[in-house]
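Asks: What follows is a predicted protein model with its sequence.
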Amino acid sequence: MNAPAGFQYINDWLRPFDDDKNAVGKLNFAGDDSQDHENIFLSVKGGGRHETNVTENNILEIGMYFAIRHVAEPARLDDGARFLYPTVLVRESNPVLGVSDEYLRHTVARPDLIYTMREFAYEHDHSFKYDCFIYMLFHSQNRISSHDGANHWIPFSEWLAGSKDAYDSNFMIRFMNARGMPAILSCAAADVYDAGLNLWKYYFSKSLENHNASLYDVKEFFNDNAPGDAEFGRLESELSAAMKSLAAQIEPKIYEYGFSKG
């Protein structure tokens, strides 16, 4: 099914997920154009052309938006192509003929009516959502930095990462644990998670200066203090390779779910 009247592009899809409660960061974004991917980034304070809060209520949708904009290579898309409002599925049913409990939760059943329920094509693909979420966490355009404010984005416990001190925020750990992550991640997403963990562990083996360090902070530390560190270079390359594999897994679904015509 086509997008609702007046809704054509991916930013139209993003808008209803705006939330102003307990923000843990900002998604900075631009237009729907495929060439605008460099303007899609995460930060603590904002600063992009447009921005929206990232919260517990919308972080999975933010992750989808972020991954879609970065995974779909501009070189593979027509110049100026725009990302689209995703495919909406329509299901019609007469309660007399039987309908699922899930459907009835969305309706007040009357046997004389045909009920219509609309949902996005991606709605029940949790693996896709979590793949996008992990891709967002470890992407270089995740510019969350503890130097700009509270860092809510560390996805590993202090024990796993090797921090000697408690983080100021364990939001991301709680959010992931509540959804069964990392145990239920796809193999490609789990590889990214593990590669990221190795970077944090190596950082804490070298510095105890910032126990709230984000991925951006970890990279900044080595670039500023040990630019020729061979082990850091190896670990960063492993993360990059894992991210490419995860991107290859995400990309076909961008087209399958109607976010782009490819």
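Replies: Looks like it arrived, so ask away. Residues are numbered from 1 along each chain as shown.

Asks: now the helices: where do they sit in the stretch 51-200 of the chain?
Replies: Assigned by DSSP state H, counting those that start in this stretch, the stretch 51-200 of the chain shows helices spanning 59-71, 101-104, 126-137, 158-161, 171-178, 187-206.

Asks: a markdown table please, covering those helices and showing distance to residue 52, mean neighbour count and mean pLDDT.
Replies: No exception for glycine: its C-beta is placed from N, CA and C like everyone else's. As requested, these are exported to a markdown table (distance: least, CB to CB, whole Å; neighbours: other CB atoms under 10 Å; pLDDT from 0 to 100):
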| stretch | distance to residue 52 | mean neighbour count | mean pLDDT |
| --- | --- | --- | --- |
| helix 59-71 | 8 | 24 | 97 |
| helix 101-104 | 29 | 11 | 44 |
| helix 126-137 | 14 | 22 | 98 |
| helix 158-161 | 29 | 14 | 97 |
| helix 171-178 | 18 | 16 | 98 |
| helix 187-206 | 24 | 19 | 97 |
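
Asks: Those helices into JSON lines, with extra columns for distance to residue 8?
Replies: Below are these laid out as JSON lines (distance: least, CB to CB, whole Å):
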{"stretch": "helix 59-71", "distance to residue 8": "15"}
{"stretch": "helix 101-104", "distance to residue 8": "28"}
{"stretch": "helix 126-137", "distance to residue 8": "21"}
{"stretch": "helix 158-161", "distance to residue 8": "43"}
{"stretch": "helix 171-178", "distance to residue 8": "31"}
{"stretch": "helix 187-206", "distance to residue 8": "30"}
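
Asks: Compare these and give me the one nearest residue 20.
Replies: When the helices of the stretch 51-200 of the chain are compared by CB to CB, helix 59-71 sits nearest residue 20, at 13.8 Å.

Asks: To what extent is the closest residue in space to residue 137 that isn't next to it in sequence buried, counted in neighbours?
Replies: Closest residue to residue 137 apart from its sequence neighbours, by CB to CB, 6 or more residues apart in numbering: residue 155 at 5.8 Å. As a burial measure, residue 155 scores 22 neighbours (other CB atoms under 10 Å).

Asks: Good, wrapping up.
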